[in-house]
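J.: dropping the sequence and predicted coords here.
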Amino acid sequence: MTAVVTRASRRAPRPRSGRVPWILLVPAVAGVLFLVLPFAGMLLRAPWPAMGARVTDPDVVAALWLSLSTATAATAVSLLFGVPLAWLLARTEFPGRRLVRALVTVPLVIPPVVGGVALLMVLGRNGVIGRYLDAWFGLTLPFTSAAVVIAQVFVAMPFLVISVEGALRGADRRYEEAAATLGASRVTIFARVTLPMVLPGIAAGAVLCWARALGEFGATITFAGNFPGTTQTMPLAVYMAMQRDPEAAVVLSLVLLLVSLAVLATLRERWVRAA
Amino acid sequence: MREHIRGRRPRPDGPFRGRAAALTALVLGATACASGPGAGGGGDGSGAGGELTVFAAASLIDVFEEIAGSFEQERPGVTVTLNFAGSSELAQQINSGAPADVFAAADTATMGQVVDGEGLDADWAAEHGGDALVFATNTLRIAVPPDNPAGVGGLADLAEDDVSVAFCAQEVPCGSATATALEAAGLEVTPVTLEEDVRAVLTKVELDEVDAGLVYATDVASAGGRVEGLEFPGAEEAANDYPIAVLAGAADPDLAADWAGFVATEGAPVLREAGFGTP
């Protein structure tokens, strides 16, 4: 941790504050408006009086709880596998590394629905691996909450891997080299030097991953199906409400939005205080 | 795939202003207003030429393509422009002024919106008791994977604990049809999933992820041999009627009525081949 602090304190003093150049300001403001206006429109159209009843509706509570718990589980799983994967991509040389990195980003590019079908073909009860899970262990993944987590990990982990890999590449390697000259093993260097150094990058990646998992729709509905209580997360509930009652869908979206903002704000508060 | 326009392309220099909802209407308007080589004899419907704009439910794409081909062959000089989308989306477009001559919907409720909104052609209404003509029906089937792993034989088998079932969600039309069919049979079935539309149910059955699902007969037909469709008694309780009608704004009501009649008569074999029932 000390390394980060000294690096930060060594930063150059702020340049004198002058006028913000309009060539940067205009597109920046336009960008913010573009991102914020749709939500503003939703807030204006939202049937606020109906909000209370919706938030306490058992189906909504179940969907919200399922969303928060599966997204958190998916983030934990992504951290477990994603951080070592990012380290491998950033710190080692092996044949086909470029290919591996390209493959890792595939879930970012393909439509999540296609990802869901792919997961069915591999892990479905008739899938390449799934049929053995079924035959040997009597384990069928589709239509379970575990399938929701798997679908979320599939689409969200690449965000974590890319963030952490970027942080690792940006980190000063001299600290690791110094640790190595002092006789630390690669595992010790990773755990005691590298990991603390890129912790902010990991945290940022985890937030991105959690947010993406929370909003996951296509792969979830395809691979895990849609059933209240077990696989119907908030985005699925929003989509279903949209079919019959768009106003209810707006309310559900706002509930999801407010809860996720609250969670992220709380976490940020913690980090800021900790740092 | 949401929208598909057959025939001449809309002119790109058409008036592209106005609300987003009316955009399609304007685009189609440009087509309808443009005078082309085929439009010369239009007007009284008895002439050789004419232009016809048909708005039809997305589930009719393949069938109407084929029927339009035969219609154009039989009536040289006639151009049929087909516009496909979800029924309720089309109904909204028609009610906000889209220049359609004929509307074919996937259910009577949606047609009702148009009857109450834009309205039907006076002659057509007089001839058909003020209503649309039902030209096809679509009934539910139990879809099972080809080897029928759970040995499903009828609707009652779906209620068994060890049979995994996929249904449409209540919010979409096939879901309410499912509820009607189960209620008629006095059954209570807990599915493993409530899918967002009927094609998603079909996919789950095709991939052998569930033992059975309830889909429309046309979906079974479109899946080829990848699923097996089982008829069950009481399916007609939840049948979906497909109505067709000539609209109040039809440019050539006689030609439009001819098309509607052609669909109901000459089109019947094509419809049956696609899995539809015909009255």
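T.: Right, received. Where do you want to start?
J.: surely B:Thr53 forms part of a strand?
T.: Yes - B:Thr53 forms part of a strand when assessed by DSSP: H, G, I helix; E, B strand; the rest coil.
J.: my read: it touches B:Pro99, true?
T.: Yes - with contacts counted by CB atoms under 8 Å, B:Thr53 reaches B:Pro99, the gap being 6.2 Å. Heads up, the C-betas are built off the backbone N, CA and C, glycines and all.
J.: have a look at the two and say which one is more surrounded.
T.: For B:Thr53 versus B:Pro99, the count of surrounding residues by other CB atoms under 10 Å in any protein chain shown is larger for B:Thr53: 26 against 20.
J.: quick check: the more buried one vs chain A, distance?
T.: To chain A, B:Thr53 is 28 Å away according to CB to the nearest CB, to the nearest Å.
J.: show the pLDDT at that residue.
T.: Reported pLDDT at B:Thr53 in the predicted model: 95.
J.: residues contacting the closest residue to chain B within the stretch 101-250 of chain A?
T.: Sorted by distance to chain B under CB to the nearest CB, the residues of the stretch 101-250 of chain A start with A:Gly225, at 2.9 Å. With contacts taken as CB atoms under 8 Å, 6 or more residues apart in numbering or on different chains, A:Gly225 has the following neighbours: A:142-143, A:147, A:231, B:166, B:192-195, B:204.
J.: three-state assignment of A:Leu252?
T.: Taken by three-state DSSP, the conformation at A:Leu252 corresponds to helix.
J.: so who does the nearest residue to the residue of the stretch 101-250 of chain A closest to chain B once chain neighbours are set aside touch?
T.: Excluding its sequence neighbours, the residue lying closest to A:Gly225 (CB to CB, 6 or more residues apart in numbering or on different chains) is B:Thr193, at 2.9 Å. When contacts are counted by CB under 8 Å, 6+ apart, B:Thr193 is found next to A:143, A:225-227, A:231, B:166-167, B:204, B:210.
J.: from the centroid of the chain, which residue is nearest?
T.: The chain I'm using is chain A. Note on chain A: the residue nearest the mean C-alpha position is A:Cys209, at 1.1 Å, using CA atoms, centre = their mean.
J.: other chain: chain B
T.: B:Ala57 (3.4 Å).
J.: that residue and B:Thr110, how far apart?
T.: Using CB to CB, to the nearest Å, B:Ala57 is found at 8 Å from B:Thr110.
J.: overlap in contacts of those two?
T.: Residues touching both B:Ala57 and B:Thr110 by CB under 8 Å, 6+ apart: B:87, B:90.
J.: over to the residue nearest to the centre of chain A: give its phi and psi.
T.: phi -60, psi -40 (degrees, to the nearest 10).
J.: and the gap between A:Leu199 and A:Thr75?
T.: Plainly put, A:Leu199 is 15 Å away from A:Thr75 if you go by CB to CB.
J.: when the two are compared, which one has more neighbours?
T.: Neighbours were counted for A:Leu199 and for A:Thr75 using other CB under 10 Å; A:Thr75 has more, 27 against 16.
J.: and for the spatially closest residue to the more buried one that is not a sequence neighbour, the neighbour number?
T.: Nearest residue to A:Thr75, sequence neighbours excluded (CB to CB, 6+ apart): A:Trp210, at 4.5 Å. Number of residues near A:Trp210 (other CB under 10 Å) recorded here: 25.
J.: any idea how far A:Trp210 lies from B:Glu127?
T.: Distance check for A:Trp210 against B:Glu127: by CB to CB, it reads 62 Å.
J.: interface residues of chain B facing chain A?
T.: Where chain B comes near chain A, counting by CB under 8 Å from any CB of the partner chain, the residues are B:164, B:166, B:169, B:171-172, B:191-196, B:200, B:203-204, B:207-209.
J.: and with 7 Å instead?
T.: Chain B has residues B:169, B:171-172, B:192-196, B:207-209 near chain A, with proximity defined as CB under 7 Å from any CB of the partner chain.
J.: in strands, which of the residues you listed fall?
T.: By the criterion of DSSP state E, membership of those in strands covers B:193-195.
J.: pLDDT and distance to A:Ala71 added to these, as CSV?
T.: Below are these laid out as CSV (pLDDT from 0 to 100; distance: CB to CB, whole Å):
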residue, pLDDT, distance to A:Ala71
B:Thr193, 94, 20
B:Leu194, 94, 21
B:Glu195, 92, 22
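J.: how far does the lengthiest helix in chain A sit from its chain's centre?
T.: Of all segments of type helix in chain A, defined using DSSP state H, the longest is helix A:58-91. From the chain centre to the centre of helix A:58-91 is a distance of 7 Å (CA atoms, centre = their mean, to the nearest Å).
J.: in that helix, what counts as buried?
T.: A:60, A:62-64, A:66-68, A:70-75, A:77-79, A:82-83, A:85-91 (16 or more other CB atoms under 10 Å in any protein chain shown).
J.: for stretch B:94-105, same thing?
T.: For stretch B:94-105, a neighbour-count test (16+ other CB under 10 Å) marks B:94, B:98-105 as buried.
J.: kindly report the same for stretch A:94-110.
T.: A:101, A:104, A:107.
J.: also stretch A:133-153?
T.: Buried positions in stretch A:133-153, judged by neighbour count with 16+ other CB under 10 Å: A:133-134, A:140-153.
J.: ok, now stretch A:114-126?
T.: Neighbour-count burial for stretch A:114-126, with 16+ other CB under 10 Å as criterion, is recorded at A:115-120, A:123-126.
J.: and the helix or strand containing A:Val255, is it in reach of chain B?
T.: Remark: A:Val255 resides in helix A:246-274, with elements defined by DSSP states H and E. No - counting by CB under 7 Å from any CB, chain B has no neighbours in helix A:246-274; the shortest distance is 10.2 Å.
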